[in-house]
Every structure is written in structure tokens, then in C-alpha cells.
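Chemist: Sequence first, then the predicted structure:
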Amino acid sequence: MSIFFGIILLFLSGWLILKKLGVSIQPIEMLAYSLLTGIGLQSFWMLLCDVFNIQFSQPLLSVFNLGLVVILADFDAVKKFNYEQWLKTTVEKIKEQFLRPDLGSMLLLATLAGLFYLIAVKGMYWPTSEHDAIGTFDKLGIWFALEGRIHVSLYDVGLQGAGGIYPPLFPSAIAYCYLYGGNNPKILSLLFYIATLVIFFFALRRYTTLFGVSFFTLILGWSPEFYSHAALLLSNIPAAAYITGASLSLFIWWKEKEQSYFTLSCIMIALSLWLRQDLIPFAAAGGLVVLWFAIQNKEWKKVFVYAAAVLIPFITWSLYVKFSLHLSAAERFGAGSVITAAKLKLVSAYLWAYLGLGQQGGSPPGYFLYGVAFLLPIVLVFANYKHLTKDWLMIPVYAFVSLVLYTLVFLLIDENLQGATLQSLMESSFKRGLFCFMPIVLFYAAASSFSVKMFGMLESYRTNSEATRDVLG
Amino acid sequence: MYFLSRNIVVAILALMLVGLLYLLIPGYRWAVEEIGFKNLNLVKKIEDKRRSENLPPLTVHEKRAFKIENYYYMQLINNSTPQNAVILLPPNSVTRGTRHTFLGESEWVAYFIYPRLCVGEDEKDKLPELYKKVTHVAIVKGWGYEKLKYRPIENEEEIVLPINKNAE
């Protein structure tokens, strides 16, 4: 039971922080962002304890979280809330859905639910067995929980693992799970997976029909490599969740000028850098979008806020690594950091193979490791050629800049210093890093004029609605 | 107005889309069959057998033994050494290509042997302080006997022994 209490605390604390920051969005969407924020908050509590040399534990974290709830909760609003009216409206909405079901969307969402059940069984039945989780994330999480600090004894004897230099969000989340009696931290991977899909679903729901959203969410959730990782305890699924939140909310903010989404984007990008510092290409691309907006609208404050969101976690962790952990980042760039034709050829071949169109290394031709998650957007971009410069122009810019920077890091890695070949990196780190790009390109494809029109026509047919047809042109 | 027939047509379209993805793209099939159902059937088989034999639920150790080929060796380390032991692990040249692939990696082994510590033979330059504190040797494929400061009575292929004869 204790783990359920812990998870409720995550949602509650995250929810209240977002409310306090003025975020006002749909309740289910808010739940997904609250979870991500609540998880980030726990690592902040743990770091605070560590800095003040206090051993953290389940009771202490509960006191912190409940204290925050008491401080931030608007008890008057809770008292005044009309539960009867809310219940009545909700029941009516559900009744409406059941009386006039959108059968196509229901079928797609049921498929996704079935897939989730299968992966949840796999994740929750088996204990951690992935090499990197054992070598770093789960091990650090266990040690954090046992020793009640972030600077655990493993760091003093050099057994922290290769990922020990990463910021503490993910091992802190694992430690939180253990502290609250959870015996399988892979519940976190499932929560991050669901959060990614929920954020994607509700972001896209603003622009296309329920059938369209359900279809694209299924394409994202069923993407083979991404889907299989939902049952593993690696940091790539959390990275995808935070980057999905950071990027999609940035795009919505650009389009709608809703402050809530700018706030969310800042929080999510800060937490993504509190998870993995190598997600910096997305922060750079986001910074470019904010700068572009600032130049157009003369709103420079936004640039400073975004820059602070990027720099604070980055600098905080760098200082902690230097002065508390006494570690130096592994040397990755040296004499071998040159871009050669052979490297470019290899990277291009892997990109081509990941689209499902070629053979490279262990990626068989036509296997479609990412399903059609990259291929479908390419097709839809061509179909949408008439509107390319009008539709969501910032998304291709964001995707291009982040992909170039992301790829550049791999091209410049000195294989001797890294102790791994570029080929092996392309088949591990690079491959999993592509998770972050999937929601971005799928959102772009799904929200494009062509796609919206196609799904709009289908909706018009389904509802036999002249009105819908008129709105969609 | 609700148009059931039109909704059924859209649902058939959705079904066709899902079916096409499943049938035409090997990756989607792999996700459903290999990742999803193969595991579900395995779990069902294990649980059915357990219930039919009236056995308690599998422990984490038993499940790990299912997934990690040399997990028995981690338990051997735990059962053969005191909690303050520092274990010397074999080099990768000995473990490569065997069921002990990761046994030479102290970062990996440390996870299973808490609160014991460990250091790989390949890591003696990287972790010299820990290497000096070695109390036990993880012997695999006959490697490690040369590290002992005494001659054991029997030379077993896989065993964990103290580095000094009088140690625990």
C-alpha cells in the first residue's frame, strides 16, 4: 500500500506546484505533467538533504511532500468545489461516449490498452536484468535508499558505474520507489511510458480529431523499440517523457501564446537536464525557438526565463559533481574528434536503417525498429508540401537543430577515449536517443494541414456532419 | 444523430490499419509476439506450474536466476564471503564468450553482492586502492588460483576462496 501512497504524493505535490505556477490545462494532461514534476521534486528533496548532510528516508520525504501540500493547497477552493456538479457532468460525458461511441477511436485505443497490458506484465513480473540498469541506475537507486544520501559510498570506491556522472533524477526516482516499499522500480518505466503517450495525446487533441489522435498515439506507443523499453529500467523512456513535455508544450505555446505551456516547457526542459545532461541539443533547439519568438515579439523576458531553466540544473549538477562527488566527466573528445567521410557514411547508413529502409550492423532490412514513426511523417510532409512554410514552421527547425547537434556529438566522439566504436554507439545510445524525436515528428505530421484535413473528412463522414466539413474547409 | 453504420465502417478502417501494420511490418509483429505474448505465456506457464504444485510465489532471486545466466555465481560469492569482503573478479579475457560475460565488470557485480565490494583484474590500474584491499578471489574456468597466497587442497573450476589461508 505504501507505494500507492508514495505515487499519490508524487501526483499531488507535482499538481500543486504546477497550479502555483499558474498552469491551467486539461485534468488528465495535468496529471501526466504532475507526475513528471513530482518525480523531479523528489530528487530535489534528496539533494537538499544531501547538501545539509541529513539522511533522507520515507518518513522525511513524506513530511516534506505533505508540508508542501499543506503550504500550496488552496483549501478554500477544495471546500467550495461543487463535487455534485462535477460528478454529474462527468457521468453525462461518459454516458454520451457510451451512447454514441466513436467505434474507430475506441478500437485504436483498446489496441493500445492491450499492448500496455502485455508490456506491464513483462515489466512488473521480472526484476531488473538490463546491463546498464544493474551497472548504474538501479544500483544507485538501491544505494541512495539504503544510505539515505546521493553521495553514496559507491562513489568513494569508484563503483558508481558509467551513468554515475548523470544527474540524480532517475536513480532518485528509483530510490523513492524502494523507500516507499515498491519491490519493482520498473513501475516507473511504465509510468513514464504512459505519461509520454498522455502528453502526446492531449497536445495533439487540440488540433485533430479523436480518430486522428488515437491513430498517431498508437503509432507512437507501438513503435517496437520504444515499446520494448517500457519494460526495462533505463533512462531513455524517462528522457522521451520529459522531452515530449518540453517540446510539445513549446510548440503549443508558440501557436496559442498560452503562458501555461511556456511554463510547462521550461519545467520539463529543466527536469530533462536534471535527468541527462546529454539532452542539451533539445534545450539548444528550444532556446532557438524562444529567441525567434522574442525577436518577433520583443519579449526578452521569456529568453531569460528559458535560459535560467536550462542553466540552473546544468550548473547545479556540474558543481555537485566537482565539489561533492569529486568526479570529472569522462573524456570523450580528443585527437579522434574529427568528422570523416567514413563516419558520415556510417551514421547515414544507420539513420537509413532505423527508418526501416536499409541494412546496417544488427539492424535487418525492412525490420522497422521504429515502425512507421519516422517514415509516416516523411510521407505526410511531402503530401503537405503546399503548407510547409505556413504550418508549424518552428517544429522542423527545432527537430533539425536538435538532430544535427545530437548527431554531431556522436560524430565527434573519440572512439579511443570513449572505449567504444562509433558502430556500437550507433546501435545503443544513438538508437535509444531517437525515442525523443518520435513524438516531435509525429506531432508535426499529425498537426499538418494535410493530415488534419484527411482526418477531418473521415470525421465528417463518421458523423455525417456538414458543419464539421465546413469548419475544416 | 448517431450513425452506427458509418461508425462501423470507420471501425473496420481502424481494424484494417492495425492489421496492415501488424502483418506488413516485422517490427510491430515482434513487439506483439516476442515482447508481449511470448512473455505472457511464459509467465502463465510458470505461475500455473507453481500453483499446481502448491508452491509459494517466485522470489526475486528465483526470477533473477531465470534471466541472468550466472546468477548462481553471485549467490556463491554471497554465501562464501563475509559482508566486509573485497572480491577480485576475473579479467574479461577469461569471461568473454562464456556465461560469465559480465563477471569481470565490478560495476555490474557490485549490484548483487551488497555490502561486499569487488574489483576486476582488468581494473587494477583504475581502482588501485580497492585492488590492494582484496580479501577473496572469484575463481572461474580455473583462473584465480595464482592469486591465492596458499595452495588449496582441491582445484575446482568455479569457487570463491579467501586470498590468505587464515582468512574467513
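Modeler: Yep, it's here.
Chemist: May I have the residues that are in contact with the residue nearest the centre of chain B?
Modeler: Note on chain B: the residue nearest the mean C-alpha position is B:I68, at 2.7 Å, using Cα atoms, centre = their mean. B:I68 is in contact with A:S129, B:M74, counting by Cβ atoms under 8 Å, 6 or more residues apart in numbering or on different chains. Just so you know, the C-beta spots here come from the backbone N, C-alpha and C atoms, and that holds for glycine as well.
Chemist: ok, 10 Å please
Modeler: By Cβ atoms under 10 Å, 6 or more residues apart in numbering or on different chains, B:I68 lies in contact with A:P127, A:T128, A:S129, A:I134, B:M74, B:R99, B:F102, B:F112.
Chemist: same thing with A:G14?
Modeler: Counting by Cβ under 10 Å, 6+ apart, A:G14 touches A:30-42, A:65, A:267.
Chemist: shouldn't B:V32 be in contact with B:L23?
Modeler: No - counting by Cβ atoms under 10 Å, B:V32 does not reach B:L23; the two are 11.0 Å apart.
Chemist: ok, the two, which is more surrounded?
Modeler: Just comparing B:V32 and B:L23: by other Cβ atoms under 10 Å in any protein chain shown the higher neighbour count belongs to B:V32, 20 against 10.
Chemist: quick one: the more buried one from chain A, how far?
Modeler: Distance check for B:V32 against chain A: by Cβ to the nearest Cβ, to the nearest Å, it reads 7 Å.
Chemist: Please name the nearest non-neighbouring residue to that residue.
Modeler: Distances taken as Cβ to Cβ, 6 or more residues apart in numbering or on different chains put B:Y22 closest to B:V32, at 6.7 Å, once the chain neighbours are dropped.
Chemist: B:G36 too?
Modeler: For B:G36, the closest residue by Cβ to Cβ, 6+ apart turns out to be A:L118, at 3.3 Å.
Chemist: Run through the neighbouring helices and strands of the one helix or strand that neighbour maps to.
Modeler: Using DSSP states H and E, A:L118 sits in helix A:103-125. Helix A:103-125 is packed against helix A:83-99, helix A:187-205, helix A:210-222, helix A:224-229, helix A:449-463, helix B:4-24, helix B:38-52, with contacts defined by 3 or more Cβ pairs under 10 Å, 6 or more residues apart in numbering or on different chains; DSSP states H and E.
Chemist: repeat that for 6 Å
Modeler: Other helices and strands packing on helix A:103-125, by 3 or more Cβ pairs under 6 Å, 6 or more residues apart in numbering or on different chains; DSSP states H and E, are helix A:210-222, helix B:4-24, helix B:38-52.
Chemist: From the rest of the structure, what touches the shortest one?
Modeler: It refers to helix A:210-222. Contacts to helix A:210-222, defined as Cβ atoms under 6 Å, 6 or more residues apart in numbering or on different chains, come from residues A:102, A:104-105, A:108-109, A:112, A:115, A:197, A:200-201, A:204-205, A:373, A:438, A:442, A:446, A:455.
Chemist: Also the longest one?
Modeler: Contacts with helix B:4-24, where a contact means Cβ under 6 Å, 6+ apart, come from A:L103, A:G104, A:L107, A:L108, A:T111, A:R462, B:Y28, B:R29.
Chemist: how about a cut-off of 10 Å?
Modeler: Residues outside helix B:4-24 that contact it (Cβ under 10 Å, 6+ apart): A:100-112, A:211, A:214-215, A:218-219, A:222, A:366, A:368, A:371-372, A:458-464, B:3, B:27-29, B:31-33.
Chemist: Run through the residues that contact residue 50.
Modeler: Because you didn't say which chain, this covers chain A. Taking Cβ under 10 Å, 6+ apart, we find A:D50 in contact with A:F56, A:F144, A:G148, A:R149, A:I150, A:H151, A:V152, A:P168, A:Y320, A:S324.
Chemist: meant chain B actually
Modeler: B:P56, B:P57, B:L58, B:E62.
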